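J.: Output the structure for:
(2 chains)
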Amino acid sequence: MILTPEELTPLVDKALALGASYGEAAFHRVKGFQIILMNGSPITASYTLSEGVRVRVIAGGSLGFSATDSLEKHDIVNVVEKAVRHAKTTASLVSKSVEMSDERLGRARYEASARKDPEERGGEDLFKLAVELYKSIDLSKYKVNIDSFLLGLSYSIEEKSLATSDGGLVESRIPRLEVFYSITASSEGNRANRWQQIGGSGGLELIDELGVIQVVEDDLRSLELYLRNAKTPPKGRMDVVLGPEVVGLAMHESIGHPSEADRVLGREAAQAGLSYRRRIMPGEKIGSDLVTVIDDPTIPSSYGFYLYDDEAVPARPRYLILRGVLNEYLHNRETAAIMGTHSNGSARTEEWWSEPIIRMANTYMAPGDYSLEELIEDVKDGVYIKKYMEWNIDDYRWVARYVGFEAYKIRNGRLEEPVRNPALEVNTREFFSSIDAVGSDLRFYAGTCGKGEPAQGVPVWMGGPSIRLRGVMIK
Amino acid sequence: MTLWELAEASARTLRDRFEEYEVIVGNEKEIMLKLANGEPSVTQSWNRYTITVYVTKNGKIFQTSLSSTSPGEVLEKLDTILATLSPSPLYAPLPEPTGQDYENTDERVIEIVESGDLSRVSEDLELDQARNWAGTIRLAREERVLVNSNKASLHGERTLFNGYMRVFADEDSSGQWSWTSTMYRPDIAKKAVGAAARLAEECSSLPKRKIESGNYRVLLSPMVAGNLLEVVARSASGGAVLFGFSFFKKEDLEAIVASEKLTILDKPRDRELPGYSLFDDEGVATRDKPVIEKGVLKNILHNSKTAKLFGAKTTGNAGLLMPEPFNLDVAPGDLKDDEMLEALGDGLYITNNWYTRFQNYPEGLFSTVARDAVIIVEDGKPVGCTSRVRIADSMRRLLSNIEGVGATLWQIQWWEVSTPTRLPHILVSNARITSE
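T.: All right, here's what the predicted structure looks like:
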């Protein structure tokens, strides 16, 4: 049973009748199949179903939220009553009333399609495909011992309905495919692990479209280099070329997260932290003129795809950095009201139990026109970091660390020997300001972004082209 | 429908169709208050039912995990799905159900959760006082029923009260601390908030200084040590070792892996910690056990599946697929609170961290970022406060360099420490630190 927006409307009406000034009710279902192989044999297959109803209200100027996965009528009614009670209970402790920004809300139904839908045959196609996928990878080509090879395939369908008390009525259906693998290998007395996530919205056709086999084989080649050939990296200040995998992550961590307005306003201070954008304002220069960073939920087939957010606001591309200048924040209706602007459709939820909070979708740096060879040929003495494994960033999103997994020394404009674990530690302004050339090879990488309490993981893409940084620190 | 009725109804549809089956039905009622900028940002509550179904036939394994109360349609399809699979290398027969029923609840927690009214908590924690804080307060009642084809018929119920608070003295001076218990304990919550406030004020009163990258003596607060030692305990899971997510190897059992100062226990039977349980997910009786005892790896945590592959016995730590710790308990040492900075001498007191990530799991290379107050200590005295430093080291090296263990224990559970953990401060020498 799926509850439609029209069927949710009475819940919103009830919230208003109980004294709420704003109410929204949502039904949210995620169902899917998953299989995990260890060294080519299925260790388990599973079916998952998560469905329920959530209600969020403003009453007495305070925010209340309640949710249940019981679809019994009395449990759903109880959720409405509890959401209002929660809000009223804390109203006396709130100094400034929560408000929702005025928006042109969606009244729409949309869906993404899966051309090859494994649900039609009870997951059988997915399970067979996983085994075939593993078999098609020729492990004997690589001079390493594979200690363990964990390969997971999952297919999910996310169905959502939403009704708000100010007229939003949105229904959506988005199928997604995700591949996850973790390879542990050893050679020459060294051991290492490489894990990776690949995903998009659609069906089994994405295995070919996203080039899954090629990605896995390229990672096996990287592991071989790391274990057998990589030398001690140089240290100190030098020019660095980063591949799209590293750039995509940096866009997510160093400008995507800090642009979340709830973080800027301190609402996530005890969890995901704060942001340097509390101090460096829109309109201020943060990077070179070559840097434009966009977060766009509307990219077809993307992992972070949606057309309306979980507050019924239409999605659109958000320009976080425009030609080196800090631009807009990511907003939901609550933060937009506080800052006196409009939401740009960034409210997302993981499942029925999730409060809508500000999230990224598909964050990427706009490409330039350099080839990788051109980026490298102008480096006299430096490092090329193509892939990473370890990364982190402080909770103001100011100093990031990216440690190369596949990386090379650059000498006199040429790629030389592979190097092991070069650690780029750099602050955000230095990172964006030191970029003097941007490649044309834009690529996207899938991830599950975590935020909120309870922690919510939502699918995102992170992308970028190869870029060149001048004079940054390798530790 | 009660949990028993839901479990029995699901079991009835499986009984004659599979060689083995297990059904775990849970209900969690939870309420959470989130605070930011010194006032509530949202109050949330959940009434959540979960049904986990596990079936096997000819060594094939299939699992269903539902957050829903209507499993019927799914259970009917299981035979077809299982037919498409091949035998699992992880398969082991469900073990004898030796677990016992348990009830470890606090009526005060249940009353708050059922009423949905947090007024009492607000009053007890004095939330209306003017202070720039952000954090989370969470109360829950968790109930579960386990039935399986080995005639397991088990019931457990527990409550929890936990949270964490980050207190700001100014934009650049903050402290954060957490608490956790199965009981309604405003005393430990207030103590945690007090600890966070003291750190914020201390950092604010000290000059802000940058430090150079290098090797330092570090005093890790229970928040930081809790995060890192949880990684260590989870690395001792047979699943983590098997799948390459661990710096331990099978051969490390009974080997020295840390300083003799370090003893970590997995304590599912500790009534004070919210991971309390008398049966695991295979219906096996849990038991308290050392993971590391005086520096020696004493147990790799197993369910029946990983135990079979390791030629060992289950330690009662199922996870139907991955074994997991329930509650962690680090044995106290002899460093008293007022002696710790003196013992540190010259070094850094790192009070909170996040974002622990591995470059290479098997080799244990990792880094983690400090957040909140990092106090610079010289000659046993605080002389400055710094920020944005990292520990970037190998886990084995860090464990070997443990030089001292505090005497006072704290109960920690938050965003970066998901397993309830009781532990003291930990003093480490020669830690590799990077700084901006």
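J.: Run through the residues that contact residue B:345.
T.: Contact criterion CB atoms under 8 Å, 6 or more residues apart in numbering or on different chains gives B:217, B:377, B:379, B:380 as the residues in contact with residue B:345. Yep, even glycine has a C-beta here, placed from its N, CA and C like the rest.
J.: filter these by proximity to chain A?
T.: Among those, no residue is within reach of chain A (CB under 8 Å from any CB of the partner chain).
J.: Residue of chain A nearest chain B, please.
T.: residue A:184 (2.8 Å; CB to the nearest CB).
J.: what helix or strand is that residue on?
T.: Under DSSP states H and E, the secondary-structure element containing residue A:184 is strand A:169-187.
J.: Parallel or antiparallel, list what pairs with that strand.
T.: Sheet pairing for strand A:169-187, assigned by DSSP bridges, gives strand A:107-111 (parallel), strand A:145-164 (antiparallel), strand A:190-201 (antiparallel).
J.: From residue A:201, how far out is residue A:305?
T.: According to CB to CB, to the nearest Å, residue A:305 stands 4 Å off from residue A:201.
J.: Which of the helices and strands in the chain ranks last by mean pLDDT?
T.: All of this refers to chain A. In chain A, no helix or strand scores lower on mean pLDDT, DSSP states H and E than helix A:124-135, which sits at a mean of 92.
J.: Chain B is the one I meant
T.: Where chain B is concerned, the least confident helix or strand, going by mean pLDDT, DSSP H and E, is helix B:72-76, with a mean of 74.
J.: Downstream of that helix, the next helix or strand is which one?
T.: Using DSSP H and E, the next helix or strand after helix B:72-76 towards the C-terminus is helix B:78-83.
J.: Would that following helix count as contacting chain A?
T.: Yes: with CB under 8 Å from any CB as the threshold, helix B:78-83 lies in contact with chain A, specifically through B:80, B:81.
J.: got the contact list for that helix?
T.: Residues external to helix B:78-83 that are found in contact with it (CB under 8 Å, 6+ apart): A:45, A:47, A:122-124, A:127, B:14, B:17-18, B:53, B:55, B:57, B:60, B:62, B:64.
J.: Strands - which of these land there?
T.: Judged by DSSP state E, the contacts of helix B:78-83 include A:45, A:47, B:53, B:55, B:57, B:60, B:62, B:64 as members of strands.
J.: can you pull the contacts of the residue nearest to residue B:212 when sequence neighbours are not counted?
T.: When the adjacent residues along the chain are set aside, residue B:212 lies closest to residue B:435, with 6.4 Å between them (CB to CB, 6 or more residues apart in numbering or on different chains). The neighbourhood of residue B:435, defined by CB under 8 Å, 6+ apart, consists of B:210, B:211, B:212, B:213, B:386, B:388, B:389, B:390.
J.: Quick check: phi and psi on residue B:435?
T.: Taking degrees, to the nearest 10, you get phi -140, psi 160 for the backbone angles of residue B:435.
J.: For it, give me the pLDDT.
T.: Residue-level confidence at residue B:435 comes out at 95, pLDDT.
J.: quick one: average confidence on the helix or strand hosting residue B:12?
T.: With secondary structure defined by DSSP H and E, residue B:12 is part of helix B:3-14. Taken as a whole, helix B:3-14 has a mean pLDDT of 93.
J.: Relative to the whole chain's centre, how far out is that helix?
T.: Put simply, helix B:3-14 sits 30 Å off its chain's centre (CA atoms, centre = their mean, to the nearest Å).
J.: likewise stretch A:382-391?
T.: Once both centres are worked out by CA atoms, centre = their mean, stretch A:382-391 turns out to sit 20 Å from its chain's centre.
J.: residue in the stretch 101-250 of chain B nearest to chain A?
T.: When scored by CB to the nearest CB, the stretch 101-250 of chain B has residue B:244 as its residue closest to chain A, at 2.8 Å.
J.: Quick check: that residue touching residue A:148?
T.: Yes: using CB atoms under 8 Å, residue B:244 makes contact with residue A:148 at a distance of 4.8 Å.
J.: Name the residues contacting each of these two.
T.: Common neighbours of residue B:244 and residue A:148, using CB under 8 Å, 6+ apart, are A:182, A:183, A:184.
J.: Now do the contacts for the second one.
T.: Right, the one you point to is residue A:183. Counting by CB under 8 Å, 6+ apart, the residues that residue A:183 touches are A:146, A:148, A:149, A:150, A:193, A:194, A:195, A:219, A:220, A:223, B:244.
J.: which one among these gets closest to residue A:353?
T.: residue A:195 (26.8 Å; CB to CB).
J.: what sits against that closest one?
T.: Listed by CB under 8 Å, 6+ apart, the contact set of residue A:195 reads A:180, A:181, A:182, A:183.
J.: pLDDT and distance to residue A:86 added to those residues, as CSV?
T.: CSV is the format used below for the contacts of residue A:195 (pLDDT from 0 to 100; distance: CB to CB, whole Å):
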residue, pLDDT, distance to residue A:86
A:180, 97, 36
A:181, 97, 42
A:182, 97, 40
A:183, 97, 46
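J.: For the residue nearest to residue A:5 when sequence neighbours are not counted, name its beta-bridge partners.
T.: In space, residue A:5 comes closest to residue A:169 once its chain neighbours are excluded; the distance is 3.9 Å by CB to CB, 6+ apart. Listed beta-bridge partners, residue A:169: residue A:107, residue A:163 (assigned using DSSP bridges).
J.: gap between residue A:169 and residue A:107?
T.: Here the criterion is CB to CB. By it, residue A:169 lies 5 Å from residue A:107.
J.: higher neighbour count, these two?
T.: residue A:169 (20 against 13; other CB atoms under 10 Å in any protein chain shown).
J.: shouldn't that one be in contact with residue A:163?
T.: Yes: using CB under 8 Å, residue A:169 is in contact with residue A:163, at 5.6 Å.
J.: Determine the residues that are contacts of both of those two.
T.: With contacts taken as CB under 8 Å, 6+ apart, the residues that reach both residue A:169 and residue A:163 are A:5, A:6, A:9.
J.: Which one (most neighbours) among those?
T.: residue A:5 (24 neighbours).
J.: wait, doesn't that one sit right on residue A:164?
T.: No: in terms of CB under 8 Å, residue A:5 does not count as a neighbour of residue A:164; the distance is 9.1 Å.
J.: just to revisit the earlier point, now the buried members of the contacts of helix B:78-83.
T.: In these, burial by neighbour count holds for A:45, A:47, A:122-124, A:127, B:14, B:18, B:53, B:55, B:57, B:60, B:62, B:64, counting by 16 or more other CB atoms under 10 Å in any protein chain shown.
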